[in-house]
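Visitor: What would the 3D arrangement of this be:
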Amino acid sequence: MQGVSLNLGVVFMTCRCLALPSALLAILLLLGGCIGRMSDDLSRAVLDHPDPQTVRQGIPAYLLLLDSLLLDDPTDKKLLASAASLYALNSSLAAADPVQRRRQAERTWLYGRRLIESRGAEPLSERSADDFAAALARFGKRDVPRLYAFGVAWLARLQANEEDPAALADLPKVEALFARLVELDEGYQQGAPQLYLGVLRLLRPPALGGVPEQGRAHLERALELSGGRNLTAKVELARRYARMLYDRELHDRLLNEVLAADPTAEGLTLFNVTAQEEARALLASADDYF
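Guide: Just a heads-up that it's a prediction; the model follows:
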């Protein structure tokens, strides 16, 4: 669904863990309180890994570990954030199988909602626009990690159901959520709230009420917040902005800059390698598009 797909390659930025050998997984189940620190170490391993295929192959075992830990403690916020993030990543990696992608996304949604929605209260995602805006205003800076994980889980669900008009009707709420995250902490995850907001604000062309310059500004700010190291922001500028305005010169310049860059950057290497793969594909299709 060209022009509407949310391209959740950027969901990689939320991943908190990497699978371990099965014997070590069994040991981890006995460690209890050590899992939080291990998750942080695994997060760095994932984000700094240069091979997406290795990460893809390692994910399933750790997903099962998180599921088992959450059976014992279903309200642990750190585990819920890790599970929501990793299932979102796995959903994006399952793009070739739409059924598996939807299953993974629903698991993401389960954990993401549990992170943010109080027992007995009306689900945040189902509130009216006015009630939703009021609820967002009550979140503060300390809530950014769980609100962000919830937003990414929601995006993963929309991506997996992108042909469902009912699911896409939630896009204004998701956009409002990331706008709130930008207000609270635009630099979280090296500018990820700005990156997501930029993508969301570039989904509609000007003829349908879109304001491309706003989207461009958000993506450029995301790039600035990462110190220029986040190659995904440049890919999204080419894909969302340059293609929307049929600016071939800008499109090719951005993508060639991505390919010429060193993808190695703390916390961004995995995303940057993926961004370079996408840049090659976009350049290869440019003659047909333009």
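Visitor: List phi and psi for residue 162.
Guide: Phi and psi for residue 162, reported as degrees, to the nearest 10, are phi -70, psi -10.
Visitor: pLDDT score for it?
Guide: With respect to pLDDT, residue 162 has a value of 78.
Visitor: Quick one: neighbours of it, just the number.
Guide: The number of residues packed near residue 162 is 14, by other CB atoms under 10 Å. For the C-beta atoms, the positions are set from N, CA and C on the backbone; glycine is no exception.
Visitor: any idea how far it is from residue 154?
Guide: Counting by CB to CB, to the nearest Å, the gap from residue 162 to residue 154 is 13 Å.
Visitor: go on, residue 183?
Guide: 18 Å.
Visitor: Give me the distance between residue 111 and residue 261.
Guide: According to CB to CB, residue 111 and residue 261 sit 34 Å apart.
Visitor: Please identify which of residue 183 and residue 154 sits among more neighbours.
Guide: The residue with more neighbours, out of residue 183 and residue 154, is residue 154; 27 against 13, by other CB under 10 Å.
Visitor: If you drop the residues flanking it in sequence, what lies closest to that one?
Guide: Excluding the flanking residues, the one nearest residue 154 by CB to CB, 6 or more residues apart in numbering is residue 174, at 5.3 Å.
Visitor: Tell me how far the host helix or strand of the one you found lies from the chain's centre.
Guide: Assigned by DSSP states H and E, residue 174 falls within helix 171-185. The chain centroid and the centroid of helix 171-185 are separated by 13 Å, computed with CA atoms, centre = their mean, to the nearest Å.
Visitor: Tell me which other helices or strands whatever helix or strand comes next after that helix touches.
Guide: Moving toward the C-terminus from helix 171-185, the next helix or strand (DSSP H and E) is helix 192-200. Using 3 or more CB pairs under 8 Å, 6 or more residues apart in numbering; DSSP states H and E, the elements in contact with helix 192-200 are helix 144-160, helix 171-185, helix 212-225, helix 231-236.
Visitor: Least reliable of those by average pLDDT, please.
Guide: With a mean of 90, helix 144-160 has the lowest mean pLDDT of the helices and strands packed on helix 192-200.
Visitor: Which residues does the next helix-or-strand element following that one contact?
Guide: Using DSSP H and E, the helix or strand that directly follows helix 144-160 along the chain is helix 165-168. Contacting residues not belonging to helix 165-168 are listed as 4, 157, 158, 161, 162 [CB atoms under 8 Å, 6 or more residues apart in numbering].
Visitor: neighbour-wise, which of residue 111 and residue 261 wins?
Guide: Shown here are residue 111 and residue 261; by other CB under 10 Å, residue 111 has more neighbours (25 against 17).
Visitor: so what's that one up against?
Guide: Applying CB under 8 Å, 6+ apart to residue 111 gives the contacts 70, 80, 83, 84, 87, 153.
Visitor: Buried among the contacts of helix 165-168? Need that as a selection in ChimeraX.
Guide: One line in ChimeraX is enough to select the buried ones among the contacts of helix 165-168; burial here means 16 or more other CB atoms under 10 Å:
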select :157,158,161
